[in-house]
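Student: Provided below for reference: sequence and predicted model.
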Amino acid sequence: MSEALTALGVVSRPSLDGIDLAVVDTDGDAFIKDGPCLHVPYSRDMKIFLRRAVRAAQEGRDGAADIGKAAGEVTSAIVVAVERLLECENIKRKDIDVIGVGGHTLLHRVPAGADAPGRSWQIGDGKTVAEETRIDAVSDFRTADIAAGGFGAPLDPVYFRARIAAMADRPECAVGVINLNETVRVAYVPETADAGDLLSYDSGPGLSLLDEWASLRNLDEKAQPGAVNDEALRMMGLHSYFRAPPPKSMERYAFSLDHVLKLTPEDGAATLAAFIANGIARAEKFLPEPPGGYIVVGEGARRPALMTSLRDRLEAEIATADDAGWRTDALDAECFAFLAVRSLKKLPLTYPKTTRVAVPVCGGVYWRAPV
């Protein structure tokens with residue numbers, strides 16, 4: 001084992017809830033131990049800034065004032081959040097070796113061919129974070145992968161590999177990790193220790209569809225479960241994405257609500273939950289073999305209807321991140337802390353079976369703090 005470093009990961013939630021921070025000790029290969037974590041909620045104004053910036057980016061208005069405003073505000077919020085964590089946990093600045101700055105994703109588009117390269121755009125300036133906090137930082141984790149022909153995502157399979165290896169009761173079999181957020185990503189962690197054997201891909205849409213439906217139909221979170229509409233479920237399942245072999249990555253807006261628009265709010269929600277779970281079940285056919293069990297991470301792990309649909313469709317044992325003893329709300333921040341250390345040690349972040357690159361790719365841009 002090489003020298004362990006203490007890293008602080010910081011990332012803005014796609015849901016716009018706020019910023020997550022987490023401290024971990026790691027050598028970039030093995031996950032050694034958790035440190036303090038913190039969630040800092042966004043103000044109402046901050047959420048408005050971010051929504052406007054995301055819309056501008058999606059519409060191709062790269063130079064929009066809304067994007068510049070949000071970029072500055074996110075960077076400032078990250079600096080304030082880091083300072084708050086250090087103060088609340090009585091951590092000395094010199095005890096943090098590096099900050100992994102995940103930032104906030106405005107846009108993520110996968111490559112559509114040689115004439116349509118991919119693009120992944122995160123705001124949250126690593127250079128400013130290093131200067132203001134006086135702690136070295138690493139940011140811009142995806143660009144090198146995209147430049148090498150990859151999707152720029154996912155970044156977390158190598159982190160999940162380390163997490164699973166550190167489990168006291170690590171199963172003696174392959175383990176699947178279902179990351180159930182705006183989109184759904186499946187990571188396959190085999191028994192072998194070789195990171196090159198990792199496999200990961202997006203199985204289909206996730207909470208973005210459910211949240212869009214709830215907003216469109218004013219659906220009460222306490223509403224009684226509806227009934228699945230089999231015809232709408234069948235039509236949605238005809239999308240060509242499900243037949244494409246991995247590695248593959250999907251965009252957030254690749255699927256629409258057209259097939260459930262005539263349903264009641266409750267039946268639409270039930271049908272969408274079943275559709276998401278079906279996508280995950282269909283993704284199993286691309287794995288070398290069914291995993292011995294799954295660990296579900298992300299916000300979706302806390303949605304009972306979705307978890308019920310998933311358990312109805314998968315034969316393997318399913319546990320949540322909480323069941324596994326992982327810190328659900330801190331996982332993304334922990335991942336960027338882990339990746340920052342890998343970046344410093346010139347270890348690959350992505351692999352051919354995770355992002356479609358030809359060879360393993362290192363990534364991240366290093367920013368030295370002022371002396």
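Tutor: Here it is on my side, so go on.
Student: Show the contacting residues for the residue nearest to the spatial centre of the chain.
Tutor: Nearest to the mean C-alpha position of the chain, by CA atoms, centre = their mean, lies residue 332 at 6.3 Å. If a contact means CB atoms under 8 Å, 6 or more residues apart in numbering, then residue 332 has 9, 11, 13, 20, 102, 156 as its contacts. All C-beta atoms are positioned from the backbone trio N, CA, C, and that covers glycine.
Student: Helix or strand: which one has it?
Tutor: Residue 332 belongs to helix 331-344 when assigned by DSSP states H and E.
Student: is it true that residue 329 touches residue 20?
Tutor: Yes. The pair residue 329 / residue 20 is scored as a contact, 6.3 Å apart, by CB atoms under 8 Å.
Student: Now list whatever residues contact both of those two.
Tutor: 37, 39.
Student: So those two - more neighbours on which side?
Tutor: More crowded of residue 329 and residue 20, by other CB atoms under 10 Å: residue 20, with 24 against 18.
Student: So in terms of bridging, what pairs with the more buried one?
Tutor: residue 11, residue 39 (DSSP bridges).
Student: Confirm for me that it is in contact with residue 10.
Tutor: Yes. The criterion here is CB under 8 Å, and residue 20 meets it with residue 10 at 7.2 Å.
Student: Spit out the residues that contact those two alike.
Tutor: In contact with both residue 20 and residue 10: residue 333, using CB under 8 Å, 6+ apart.
Student: Burial check on residue 86, number of neighbours?
Tutor: Neighbours around residue 86, by other CB under 10 Å: 21.
Student: my guess is it is in a helix, correct?
Tutor: Yes. Counting by DSSP: H, G, I helix; E, B strand; the rest coil, residue 86 falls inside a helix.
Student: measure it to residue 359 for me?
Tutor: Between residue 86 and residue 359 the distance is 38 Å, computed by CB to CB, to the nearest Å.
Student: What of residue 211?
Tutor: Plainly put, residue 211 is 37 Å away from residue 359 if you go by CB to CB.
Student: Between those two, tell me which one has more neighbours.
Tutor: Neighbour totals were compared for residue 211 and residue 359, and residue 211 leads with 15 against 10 (other CB under 10 Å).
Student: Would you mark the buried spots in the host helix or strand of that one?
Tutor: Secondary structure assignment for residue 211, by DSSP H and E: helix 207-217. By neighbour count on 16 or more other CB atoms under 10 Å, the buried set for helix 207-217 is 207-210, 212-214, 217.
Student: Now do the domain split for this structure, please.
Tutor: Domain assignment for the chain by automatic domain parsing gives 5-155+329-367, 168-320.
Student: Quick check: which of those is buried the most?
Tutor: Neighbour counts (mean count of other CB atoms under 10 Å) averaged over each of the domains of the chain peak at domain 5-155+329-367, with a mean of 20.
Student: Can you get me the start-to-end distance on that one?
Tutor: 16 Å (CA to CA, to the nearest Å).
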